[in-house]
Each structure stands twice: as C-alpha cells, then as structure tokens.
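Enquirer: Sharing a model that was predicted from the sequence below.
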Amino acid sequence: LDPADLAVLAARCLTARLIADALDADSPLVPVAETRDAVTARIAEALGVPPRGTERGLRSYLLRTAGAAAVRAVERRRRALTEAAHPAAGDILRYLSRGSACREGLRTLVAALEPPVVLVGHSLGGIIALDTLVSAPLPQVRLLVTAGSQGPFLYESGSLPSLEHPAPLPPHVPAWLNLYDPRDLLGHVGAGLFRGRVTDVAVDSGQPFPAAHSAYWTNPAVYRHIADRLP
C-alpha cells in the first residue's frame with residue numbers, strides 16, 4: 001500500500017479496536033459517527049496523512065468522486081433494495097409478532113396424524129416447527145428436521161417466542177437434525193447452544209449466497225441425512 005493509504009487503514013483499525021474493547025467492557029462509550037471519524041482522522045494525521053481537504057491529485061479526486069457516486073446509486077435504489085429484502089424479512093417479523101395462529105395450525109395438523117411424525121421445516125418453516133414443539137408437547141413427533149434455519153439465532157438473541165435464552169430446550173422436544181450450508185448466511189448451527197439436543201450437519205450445495213439458502217431441496221445429501229435418521 002501507499003504509505004498514506006496504510007496510515008489511514010491503521011487509523012481505522014485502531015479506532016475500531018478501541019470501540020470494540022469499550023463495547024466488550026460494557027462501557028457507556030458509544031461514539032457517534034462524527035466523533036468516530038474525527039478521531040480516525042486525527043490518528044491518521046499523526047501517522048503522516050495530510051489533513052482532510054488538503055489532498056491533491058487525480059487519484060484522490062477519482063476516489064472521492066467514485067465514493068459519492070456509489071452512495072447516490074444506493075440511495076436511488078433504496079426502494080428496490082427494500083422491496084427485494086422485504087418478503088423474507090417481513091414474513092419472519094410478522095410471525096414473531098403474530099405467530100400464534102401458525103403454531104396452532106401446525107399443532108392441529110400434527111394431532112390428526114399417526115405417529116411417528118417427522119416435522120421438516122425450511123427457513124421460517126423451521127422456526128415455526130421448533131417454536132411449536134417447544135411451546136407444548138407433541139408426542140406424535142419423533143424427529144424435527146430444520147434446513148437453513150434461523151431458530152438458533154433467534155433463540156440466542158432472545159427473539160424466539162417460546163423459549164427465552166439461556167433456558168434449555170424442554171425435555172419433550174424430540175431429536176433435532178439441523179442441516180445448514182456453510183455458504184448460507186441464513187442457516188445457523190445450534191449444537192453450541194443446545195448441547196446434546198441438536199445435531200448440526202453441513203450440506204454443501206455448491207451454490208453462493210443467496211442461492212444457497214434455496215438449494216437444500218436439490219441436494220441429494222439432504223435427503224440421505226434425513227433418511228438415515230427416520231424413526
């Protein structure tokens with residue numbers, strides 16, 4: 001790197017480390033963006049970077065212009081980006097706020113089935129299945145299978161309606177097979193949170209995110225893992 005670029009990078013890293021240490025220590029220090037950037041600029045100047053606004057040359061001009069153009073492009077596409085993310089995020093938020101009907105519907109469905117029953121849920125479906133099984137016993141269900149599930153994440157963040165962290169899984173929750181693709185950023189593991197109660201299994205679809213989140217049911221390994229654990 002150019003010495004000036006290296007100095008800026010070092011200043012940003014140092015500022016980030018200071019803020020991270022303060023947060024880890026539960027310090028009330030949470031600087032606003034302007035303060036954070038001012039501190040970074042002062043550190044960078046101490047390391048030899050010219051004060052902001054004194055840069056010269058085509059390179060710095062192009063960098064400033066490109067940065068401003070990128071910000072404007074994102075601002076113009078804000079509606080499109082929001083609408084693209086809304087269906088999945090909106091469904092989860094709606095369930096977390098008004099999910100009782102989903103749980104009751106699933107319980108009614110399972111009650112009409114002959115055991116042994118296996119519940120298989122993908123993404124939000126896995127959240128609903130887990131939440132329903134935690135809330136009250138369903139003795140017909142002998143196995144829970146989740147794929148690309150955010151259930152462990154919601155539990156750890158205190159957002160799972162039926163179970164507040166760090167309470168353990170109730171004894172009536174059946175065996176739990178949790179399938180996740182390492183490239184699926186929406187698939188979370190649970191063995192570290194529910195020790196001895198959930199089996200995490202990695203399945204690689206070979207797809208990048210976000211395609212990896214929808215690729216479980218085209219992956220033969222998923223079906224093999226489920227079949228191996230059928231009651």
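Expert: Cool, got the structure. Residues are numbered from 1 along each chain as shown.
Enquirer: what are the pairing partners of the helix or strand harbouring Leu119, and which direction each?
Expert: Here Leu119 sits within strand 117-122, counting by DSSP states H and E. When sheet partners are counted by DSSP bridges, strand 117-122 sits next to strand 141-147 (parallel).
Enquirer: quick one: average confidence on the strand it pairs with?
Expert: Strand 141-147 carries an average pLDDT of 98.
Enquirer: show me the residues around Leu9 that make contact.
Expert: Applying CB atoms under 8 Å, 6 or more residues apart in numbering to Leu9 gives the contacts Leu1. To be clear about C-beta, it is placed using only N, CA and C from the backbone, and glycine gets the same treatment.
Enquirer: So what touches the strand holding Leu119?
Expert: Contacts of strand 117-122 (CB under 8 Å, 6+ apart): 106, 110, 127-130, 133, 138, 140-149, 216-217, 226, 230-231.
Enquirer: ok, of those residues, which come out buried?
Expert: Buried by 16 or more other CB atoms under 10 Å: 106, 110, 127-130, 133, 138, 140-149, 216, 226, out of the contacts of strand 117-122.
Enquirer: Tell me how far the residue nearest in space to the middle of the chain lies from Ala211.
Expert: The chain has Leu186 as the residue nearest its centroid, 5.1 Å off, counting by CA atoms, centre = their mean. Per CB to CB, to the nearest Å, Leu186 is found 12 Å from Ala211.
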